[in-house]
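# Got a predicted structure plus its sequence, pasted below:
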Amino acid sequence: MSNLLLLEDDISLIDGLHYTLKKNGFGVDVARTVGDAKKYLCEMEKYDLLILDVTLPDGTGFEVCENVRKQNKQIPIIFLTASDEEVNVIRGLDCGGDDYVTKPFKLGELCSRIRALLRRAGVTTQDRTNLLECGDISIDLLSCRVSLNHKILELTNAEYRLLCLLVRNANRVVSREMILNDLWDGTGNFVDDNTLSVYIRRLREKVEADASHPQHLITVRGFGYQWKADA
């Protein structure tokens, strides 16, 4: 059984979510405030995925997500948001979220997204057995740590997975479709092209000396992206 932490303050929504998640085979702990969530997360190793509401009585889900990522934790995170405005979506993804669901949403869709993220996390865990190196980039698959010229990079979970995919296919063109299929479980329905562009831009800002003139993460117009090992 996969254990989830749900951070939500709407009692009526909590009841439906808790029932549905339990019925789908998930263990669920519920926090109604940021303060409660922080107490639960003192034992973060208990959880396989976090579901975070954005607006809460004593803060935001963004704050909780940022605290988790500061500890270099790669646990999957889904945001529940009442707004799908681009600024909120970008903020959620940029602070380390892996996916977002706009209220009102179908509970079946949420469960599908949870299972998709858990499958990807499981694949990543099985694959953490060696070191992936390409030029100045070194990826420790065991600890999910990335270094550039021996300096540790602070990457979100999604940025980390995207970088691994590109580096594994160094000097090959990786299509946008392939990226969406690999990172977002085959259909691409959960993430659009604009969101992928946000990930690419943010990753460039972290791995390139000059993000405006990239030497490694190259756009191949009409096809996708390429990681050049020797820039």
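Yep, it's here. Residues are numbered from 1 along each chain as shown.

# buried set for the top helix by length along the chain?
Longest helix in the chain, counting residues (DSSP state H): helix 107-127. Going by neighbour count (16 or more other Cβ atoms under 10 Å), the buried part of helix 107-127 is 107, 110-118, 120-121, 124. The C-beta positions use only the backbone N, C-alpha and C, and glycine is treated the same way.

# Mind checking the pLDDT average for that helix?
Helix 107-127 carries an average pLDDT of 74.

# elements contacting the following helix or strand past that helix?
Per DSSP states H and E, the first helix or strand lying C-terminal to helix 107-127 is strand 131-134. Strand 131-134 is packed against strand 137-140, helix 157-168, with contacts defined by 3 or more Cβ pairs under 8 Å, 6 or more residues apart in numbering; DSSP states H and E.

# Now do the same contact list for the residue lying closest to residue 73 once chain neighbours are set aside.
Leaving aside its chain neighbours, residue 73 sits nearest to residue 44 (6.2 Å; criterion: Cβ to Cβ, 6 or more residues apart in numbering). By Cβ atoms under 8 Å, 6 or more residues apart in numbering, the contact set of residue 44 is 68, 71, 73, 75.

# from those, which has minimum pLDDT?
Lowest pLDDT among those: residue 73, 74.

# In three-state terms, label it for me.
coil (DSSP: H, G, I helix; E, B strand; the rest coil).

# show me what contacts residue 16?
So residue 16 contacts residue 107 (Cβ under 8 Å, 6+ apart).

# Now do it, the pLDDT please.
So residue 16 comes in at 89 (pLDDT).

# Equivalent analysis for residue 191, please.
57.

# Now tell me what touches the least confident helix or strand in the chain by mean pLDDT from outside.
Ranked by mean pLDDT, DSSP states H and E, the helix or strand of the chain with the weakest confidence is helix 107-127, at a mean of 74. Identification of contacts with helix 107-127 by Cβ under 8 Å, 6+ apart yields 2, 4, 16-17, 20-21, 24, 26, 48-49, 51, 74-76, 78, 98-99, 101, 141, 144, 161, 183-185, 190.

# Now do it against helix 157-168, angle only.
50 degrees (axes from the mean of the first three to the mean of the last three Cα atoms, to 10 degrees).

# could I get stretch 44-57 in CSV with only the CA atoms?
Extracted in CSV, the C-alpha atoms of stretch 44-57 (Å, rounded to 0.1, in the frame of the first residue of the first chain):
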residue,chain,number,x,y,z
MET,A,44,8.6,12.1,5.6
GLU,A,45,10.0,8.6,4.9
LYS,A,46,6.5,7.3,5.7
TYR,A,47,5.0,8.9,2.6
ASP,A,48,5.2,8.0,-1.1
LEU,A,49,3.4,11.1,-2.4
LEU,A,50,2.1,14.4,-1.2
ILE,A,51,-1.2,16.1,-2.3
LEU,A,52,-1.1,19.8,-1.3
ASP,A,53,-3.8,22.4,-1.5
VAL,A,54,-2.5,25.8,-2.4
THR,A,55,-4.5,28.1,-0.1
LEU,A,56,-4.6,27.2,3.6
PRO,A,57,-5.4,29.1,6.8
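
# if I look at the residue nearest the centre of the chain, how far off is residue 57?
For the chain, the residue nearest the mean C-alpha position is residue 98 (2.5 Å; Cα atoms, centre = their mean). Remark: distance between residue 98 and residue 57 (Cβ to Cβ, to the nearest Å) = 25 Å.
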